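In: my questions concern the predicted model and sequence given below.
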Amino acid sequence: MAAYVALLRAINLGKTRKVPMPELRGLAEGLGYRDVRSHIQSGNLIFATADPAPTIVDALETAIRDRFGFDVPVILRTAGEVAAVARSHPFGADEEDPAKLHVVFYAEAPNTGAVDAVLARDLSSDRVTVSGREAFVHYPEGAGRSRLNLHPLGPGTARNWRVVQALAQITGGD
């Protein structure tokens with residue numbers, strides 16, 4: 001069995017698209033996943049299974065749609081992949097406030113043309129680099145003040161640096 005982290009995109013933001021974590025854990029247990037845990041309300045699900053990644057994503061997305069009535073993209077990483085991300089933020093050594101560091105997780109690596117287009121824009125004081133299926137972002141003025149547009153890279157889900165570190169620690173990958 002392998003340990004995984006499922007990152008749910010765009011849930012529990014405001015009054016819509018509510019996915020209570022106890023119900024999400026119950027769905028995962030119902031799919032036969034072991035050692036199921038969640039971390040905060042933003043859709044971080046940790047579990048173990050022998051199922052292959054595409055099967056996990058399909059099963060979770062279907063179960064969530066059937067239970068809650070809306071589509072929720074699930075982005076999956078192994079515990080080892082989360083640990084590797086947690087050790088590799090290129091801007092981490094420069095920043096004393098980890099709340100200004102984020103990682104955007106993508107299901108697929110963004111295409112080179114989209115990455116080049118994002119990097120060619122005036123990023124003001126923001127910094128971004130893309131490595132594989134992750135974009136590492138530093139928002140020195142805070143994410144809420146940023147004009148950085150990562151939408152051309154495709155649908156992804158962002159987590160702040162504290163959450164990434166916590167997920168690595170919970171999965172034993174730190």
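Out: Nice, thanks for sending it over.
In: phi and psi next, for Pro90.
Out: phi -70, psi -20 (degrees, to the nearest 10).
In: doesn't Phe136 make contact with it?
Out: Yes. Taking contacts as CB atoms under 8 Å, Pro90 lies within contact range of Phe136: 5.5 Å. Yep, even glycine has a C-beta here, placed from its N, CA and C like the rest.
In: intersection of neighbour lists for these two?
Out: Thr129 (CB atoms under 8 Å, 6 or more residues apart in numbering).
In: neighbour count for the two, which is higher?
Out: Comparing Pro90 with Phe136 by other CB atoms under 10 Å, the one with more neighbours is Phe136, at 21 against 13.
In: quick one, helices of this structure?
Out: 21-30, 53-68, 79-86, 112-120, 161-170 (DSSP state H).
In: in the fourth one, what counts as buried?
Out: It stands for helix 112-120. Val115, Val118 (16 or more other CB atoms under 10 Å).
In: hmm, who's touching that helix?
Out: Val128, Val130, Asn149, Leu150, Pro152, Leu153, Gly154.
In: need the buried ones from those residues selected in PyMOL.
Out: Per 16+ other CB under 10 Å, the buried members of the contacts of helix 112-120 correspond to this PyMOL selection:
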select buried, resi 128+130+150+153
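In: closest one of the contacts of helix 112-120 to Arg34?
Out: Set against Arg34, the nearest of the contacts of helix 112-120 by CB to CB is Gly154 (31.1 Å).
In: if I look at Ala109, how far off is Trp161?
Out: Counting by CB to CB, to the nearest Å, the separation of Ala109 from Trp161 is 21 Å.
In: what about the two, which has more around it?
Out: For Ala109 and Trp161, the more surrounded residue by other CB under 10 Å is Trp161, and the numbers stand at 22 against 14.
In: in contact with the more buried one, which residues?
Out: Trp161 is in contact with His89, Gly92, Pro98, Ala99, Leu101, His102, Val103, counting by CB under 8 Å, 6+ apart.
In: go ahead and confirm Ser131 touches Glu81.
Out: No. Look at Ser131 against Glu81 with CB under 8 Å: they stay out of range, at 11.9 Å.
In: those two: which is more packed in?
Out: Glu81 (19 against 13).
In: and the protein, split by domain according to the record?
Out: 2-79, 82-170 (automatic domain parsing).
In: much appreciated, bye for now.
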